[in-house]
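# okay, sequence plus prediction incoming.
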Amino acid sequence: MAKLTLDDIASGYASNTKHNSNYTAIETAIENTLSRDGTSPNQMNADIDMNSNDLINVGNLIATTVTIGGSSIGDSVTAAAASAAAAATSETNASTSATNSANSATASSNSASASAVSAAVVADWDYVGNWATATEYKANNIVYVSSEGSSYVCLALHTSGTFATDLGTGKWGVLAVKGAAGAGTGDMQKSENLSGLADYTVARSNMGLAIGTNVQAYDQQLTDVAGLTPTDNAVIIGNGTNFVAESGATLKASLGLTVGTNVQAYSATTANIATEQTWTAQQTPKNGTLTDGATINWNGDTNGQVVGVTLAGNRTLAAPTNINQYAGYVLRVAQDATGSRTLTWNAAYKFAGGTDPVLSTEASKVDIFSFIGGAANTLECIGQAKAVA
């Protein structure tokens with residue numbers, strides 16, 4: 001693909017549009033070209049492909065990493081420096097003993113070999129599994145030797161033979177050594193997944209994981225609670241068997257707060273009763289007629305506060321029930337068409353001076369008695385009107 005394409009001008013010299021377009025294309029192409037004199041911009045924004053051609057007459061080469069044949073030169077230089085240092089050391093030590101001289105020669109040979117294959121060194125430690133014979137190992141490969149229970153790191157590229165021999169010639173370095181067996185059944189292997197612990201309780205305590213102290217013991221009901229759906233306005237409540245999430249009418253019923261059954265529904269009228277009011281209509285207390293009989297009963301709850309009875313014979317008025325102290329009560333007693341009927345009052349009815357009143361005896365006459373509720377279901381007479389009708 002051409003880096004610069006210009007429009008041909010067929011004729012005329014006044015075609016400003018094509019001239020300007022070509023100039024713009026030239027400027028853009030030049031801005032995208034490296035400058036020999038270093039004029040900015042003069043940096044690459046992408047990799048440059050030499051297409052197998054050479055770079056010649058290069059001065060200083062400044063680079064973060066230089067890779068040749070897939071291997072970093074930095075690693076090779078490091079290995080070569082180490083090799084040279086080892087060779088210098090062996091040369092110095094050669095003068096002290098023939099044995100050291102022989103070892104120095106061997107080390108020099110190994111160093112030369114390591115320098116030659118340094119490009120094959122693994123950049124980072126790499127665990128490759130169990131050691132096996134007739135296998136090529138690179139520097140920094142890590143193996144596990146099952147016969148010893150220890151781990152080793154490769155120090156030099158080699159094809160394995162006998163491990164003990166390779167170890168003796170400096171091809172392996174110890175990474176982790178199997179410890180001596182202690183009391184019990186010996187070392188705890190990773191394959192056991194902690195099943196070899198002598199005392200799980202003590203182990204948990206040592207790790208700060210004592211159940212019931214540091215961590216919560218398993219509880220099925222806690223699992224059930226964790227599985228509840230966090231519905232808006234829901235409350236976790238026990239139902240006698242397990243914990244459940246309830247809301248709305250179901251929750252109210254569980255708490256004994258059903259409106260209209262357990263608690264009074266809100267009413268503006270009911271709320272007004274708690275404060276001083278001016279009533280603009282008649283207010284009628286609960287009222288009713290007492291059942292005439294030999295003994296007449298008055299229940300404040302079922303009969304009401306204002307009651308009446310017509311006597312068809314001589315009667316006895318029993319003690320009243322369900323009387324609210326300080327509440328007002330009215331009793332209307334009428335003679336039947338025969339008249340002269342008497343009424344015997346129970347001691348729960350209190351009259352001034354302790355004397356029970358005598359009814360009017362004329363036929364169809366009405367006597368009215370006003371009471372205020374006393375203590376312990378008693379009625380205290382505060383007024384009476386005789387023969388009012």
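Noted; the coordinates are in hand. Values in this document were obtained by computation on a predicted structure and should not be read as measured data.
# where does the stretch 151-300 of the chain dip in pLDDT?
180-189 (pLDDT under 70).
# please repeat the previous calculation with a cut-off of 80.
For the stretch 151-300 of the chain, the stretches with pLDDT under 80 are 179-198, 268-274.
# where do the helices sit along it?
163-168, 200-206, 220-226, 248-254, 268-273 (DSSP state H, counting those that start in this stretch).
# now the last one: buried residues?
Spelled out, it's helix 268-273. Buried residues in helix 268-273, counting neighbours by 16 or more other Cβ atoms under 10 Å, are absent. For the C-beta atoms, the positions are set from N, CA and C on the backbone; glycine is no exception.
# ok, now the first one?
For helix 163-168, the buried set under the neighbour-count rule, 16+ other Cβ under 10 Å, comprises Phe163, Asp166, Leu167.
# can you check the fourth one too?
For helix 248-254, burial by neighbour count (16+ other Cβ under 10 Å) applies to Leu251, Lys252, Ser254.
# quick check, Ala25 in a helix?
Yes - looking at Ala25 with DSSP: H, G, I helix; E, B strand; the rest coil, it is inside a helix.
# for it, give its distance to Thr5.
Using Cβ to Cβ, to the nearest Å, one gets 7 Å for the distance from Ala25 to Thr5.
# so for those two, which sits in the more crowded spot?
Taking other Cβ atoms under 10 Å, Ala25 and Thr5 do not tie; Ala25 has more neighbours (15 against 9).
# now the strands: where do they sit in the stretch 251-389 of the chain?
Listed in chain order, the strands of the stretch 251-389 of the chain (DSSP state E, counting those that start in this stretch) span 287-289, 295-296, 306-311, 315-317, 328-335, 343-345, 349-350, 366-373, 379-385.
# check the stretch 51-200 of the chain too.
Assigned by DSSP E, counting those that start in this stretch, the stretch 51-200 of the chain shows strands spanning 67-68, 71-72, 126-130, 136-137, 141-145, 150-154, 158-159, 172-176.
# quick one: which of those strands is nearest Asn303?
Nearest of those to Asn303, taken as Cβ to Cβ: strand 126-130 at 97.3 Å.
# need the contact partners of that closest one.
Tyr137, Asn140, Asn141, Ile142, Val143, Tyr144, Val145, Ser146 (Cβ atoms under 8 Å, 6 or more residues apart in numbering).
# let's go with 6 Å and repeat that
Applying Cβ atoms under 6 Å, 6 or more residues apart in numbering, the external contacts of strand 126-130 come out as Asn141, Ile142, Tyr144, Ser146.
# turn these into JSON lines, including pLDDT, distance to Arg204 and neighbour count.
JSON lines is the format used below for the contacts of strand 126-130 (pLDDT from 0 to 100; distance: Cβ to Cβ, whole Å; neighbours: other Cβ atoms under 10 Å):
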{"residue": "Asn141", "pLDDT": "94", "distance to Arg204": "38", "neighbour count": "22"}
{"residue": "Ile142", "pLDDT": "94", "distance to Arg204": "32", "neighbour count": "18"}
{"residue": "Tyr144", "pLDDT": "95", "distance to Arg204": "29", "neighbour count": "16"}
{"residue": "Ser146", "pLDDT": "90", "distance to Arg204": "31", "neighbour count": "9"}
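# farthest-separated two in these?
Between all members of the contacts of strand 126-130, the farthest pair (by Cβ to Cβ) comes out as Asn141 and Ser146, at 16.2 Å.
# export the strands of the stretch 51-200 of the chain as JSON lines, with columns for distance to Thr270.
Listed next are the strands of the stretch 51-200 of the chain as JSON lines, based on distance: least, Cβ to Cβ, whole Å:
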{"stretch": "strand 67-68", "distance to Thr270": "90"}
{"stretch": "strand 71-72", "distance to Thr270": "90"}
{"stretch": "strand 126-130", "distance to Thr270": "81"}
{"stretch": "strand 136-137", "distance to Thr270": "93"}
{"stretch": "strand 141-145", "distance to Thr270": "84"}
{"stretch": "strand 150-154", "distance to Thr270": "84"}
{"stretch": "strand 158-159", "distance to Thr270": "99"}
{"stretch": "strand 172-176", "distance to Thr270": "83"}
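# for those, which one sits closest to Ala85?
strand 172-176 (17.0 Å).
# what are the buried residues along the closest one?
Trp172.
# with stretch 325-341 instead?
For stretch 325-341, by 16+ other Cβ under 10 Å, it's Tyr329, Val330, Leu331, Arg332, Val333, Ala334, Gln335, Arg341.
# isn't the first one up against Ser370?
Read that as Tyr329. No - with contact defined as Cβ atoms under 6 Å, Tyr329 does not reach Ser370; the gap is 7.5 Å.
# what's the domain layout of the chain?
As recorded under automatic domain parsing, the domains making up the chain are 76-120, 126-176, 196-256, 287-385.
# nearest to Thr67, of those domains?
domain 76-120 (9.4 Å).
# tell me the mean pLDDT for the closest one?
Averaged over domain 76-120, pLDDT sits at 59.
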